[in-house]
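1. Kindly return the folded structure for what I paste below:
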Amino acid sequence: MSVLTTDFEQPTMDDYPTRKDPSPALLFRRDPTVWGDADGGPLDGAELARFEEKGYLQSDPLLTPDELATYRAELDRLRADPDLRGDERVVTDPGTGEVRTVFAAHRVSAVFDALVRDPRIVGRARQILGSDVYVHQSRVNHAPGFSGTDLFWHSDFETWHAEDGMPRMRAVGISIALTEEHAHNGALMVIPGSHRTFVSCLGEDGLPDHGSLSILTEMHGIDVLSGPEGGVTVLDGNAMHGSNGNITPHARANVFVVFNSVENTCGDPFTAPRPRPEYRAARDFTPIE
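-> From the prediction side, this is the model:
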């Protein structure tokens, strides 16, 4: 049975205030990073410990060459589908009109819906979060060569909390690489260990200030998450991350899925005046089968 909710309730306490005060702040994390244990899924104790320490975990390729070919072909089909042009779930390049991102990929495509339900993928989320999970957001991204844009540093949880009403840090993002990811073509950069600190941001955009970023990078450094096609990266929701632009000929593509615990469902936004659209922040909390 679907657990679709439309009436939101504002939690009584905000442990992660943001976009409210005139000055930024660095706040201690009040939630565990790993909620499950080594018996609860595909990750062993050492992998869970690395995730707890760094706030991310990279795995060797999980997808076979045939599977990769299937997912890349489906991405190409979506990018070429004229019925999707103009759909609010699709982000296009303002200059070329080329499709860059398709949100709610698991709703748009049966192929990507099957990937979201793959035990190799969702099993990691269930294990780390220690519960059943639902898809808070999914999207497939394509960054072409010579024109891939950069993405400034940010914490996804800051947005999920402020704009979607997610109360606790009990969600992860999982990226499945459909192409090789190199430092020179815009691979994800992460400040390891930054997931333990919540950056209370200024303004409405939720971007961290330069001072806070300087403190975090001085404490922890920066890791560049290059890797092979078919590789999988699990990212803690509060890990500070971003990426450079891509001026190389090498395109980059990935599927990104946000899994949230069914014990951490969203209510009213903590800061924004209204929730984001359903395709960016799901209000159907039905667990993934």
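2. where are the low-confidence patches of the stretch 101-250 of the chain?
-> 148 (pLDDT under 70).
3. SS state for residue 260?
-> In three-state terms, and counting by DSSP: H, G, I helix; E, B strand; the rest coil, residue 260 is strand.
4. what about it, distance to residue 125?
-> 9 Å (Cβ to Cβ, to the nearest Å). For the C-beta atoms, the positions are set from N, CA and C on the backbone; glycine is no exception.
5. Need the overlap of contacts for those two.
-> Among the neighbours of residue 260, those also in contact with residue 125 (Cβ atoms under 8 Å, 6 or more residues apart in numbering) are residue 133.
6. could you dump the helix or strand that residue 211 is a member of to PDB, C-alpha only?
-> Using DSSP states H and E, residue 211 sits in helix 210-220. Extracted C-alpha coordinates of helix 210-220, given in PDB (Å, rounded to 0.1, in the frame of the first residue of the first chain):
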ATOM      1  CA  HIS A 210      34.100  30.500   2.300                       C
ATOM      2  CA  GLY A 211      35.300  30.700   5.900                       C
ATOM      3  CA  SER A 212      33.500  27.500   7.000                       C
ATOM      4  CA  LEU A 213      34.800  25.700   3.800                       C
ATOM      5  CA  SER A 214      38.300  26.900   4.600                       C
ATOM      6  CA  ILE A 215      38.100  25.500   8.100                       C
ATOM      7  CA  LEU A 216      36.800  22.100   7.000                       C
ATOM      8  CA  THR A 217      39.400  21.700   4.200                       C
ATOM      9  CA  GLU A 218      42.200  22.700   6.600                       C
ATOM     10  CA  MET A 219      41.000  20.100   9.000                       C
ATOM     11  CA  HIS A 220      40.300  17.300   6.600                       C
END
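7. sec struct for the residue most central in space within the chain, please.
-> Centroid-nearest residue in the chain, with Cα atoms, centre = their mean: residue 173, separated by 3.6 Å. Put simply, residue 173 is strand when judged by three-state DSSP.
8. Please list all residues in contact with it.
-> With Cβ under 8 Å, 6+ apart, residue 173 has these contacts: 156, 234, 235, 237, 256, 257, 258, 259.
9. ok, now with 7 Å
-> For residue 173, the contacting residues are 156, 235, 237, 256, 258, by Cβ atoms under 7 Å, 6 or more residues apart in numbering.
10. Could you do residue 145 as well?
-> The contact partners of residue 145, by Cβ under 7 Å, 6+ apart, come to 246, 248, 249, 250, 251.
11. From the contacts of residue 173, which land in strands?
-> Counting by DSSP state E, the part of those found in strands is 235, 256, 258.
12. I'd say the last one and residue 137 touch.
-> Yes. Between residue 258 and residue 137 there is a contact at 4.3 Å, judged by Cβ atoms under 7 Å.
13. hey, where'd the helices end up in the stretch 51-200 of the chain?
-> With DSSP state H, counting those that start in this stretch, the ranges of helices along the stretch 51-200 of the chain come out as 65-80, 105-108, 110-116, 119-129, 156-164.
14. from those helices, which stretch is densest packed?
-> Ranked by mean neighbour count, those are led by helix 156-164 with a mean of 25 (mean count of other Cβ atoms under 10 Å).
15. which strands and helices sit next to it?
-> If contacts are counted by 3 or more Cβ pairs under 7 Å, 6 or more residues apart in numbering; DSSP states H and E, helix 156-164 sits against strand 171-177.
16. again, only using 8 Å
-> In terms of contacts (3 or more Cβ pairs under 8 Å, 6 or more residues apart in numbering; DSSP states H and E), helix 156-164 is packed against strand 171-177, strand 197-200, strand 252-261.
17. what about the helix holding residue 211, distance to the chain center?
-> 21 Å (Cα atoms, centre = their mean, to the nearest Å).
18. Also stretch 244-258?
-> Centroid displacement of stretch 244-258 relative to its chain, using Cα atoms, centre = their mean, is 14 Å.
19. mind checking the end-to-end distance for that stretch?
-> For stretch 244-258, the separation between the terminal residues is 22 Å (Cα to Cα, to the nearest Å).
20. Pull out the buried positions in that stretch.
-> Residues of stretch 244-258 classed as buried: 244, 246, 250, 251, 252, 253, 254, 255, 256, 257, 258 (neighbour count, 16 or more other Cβ atoms under 10 Å).
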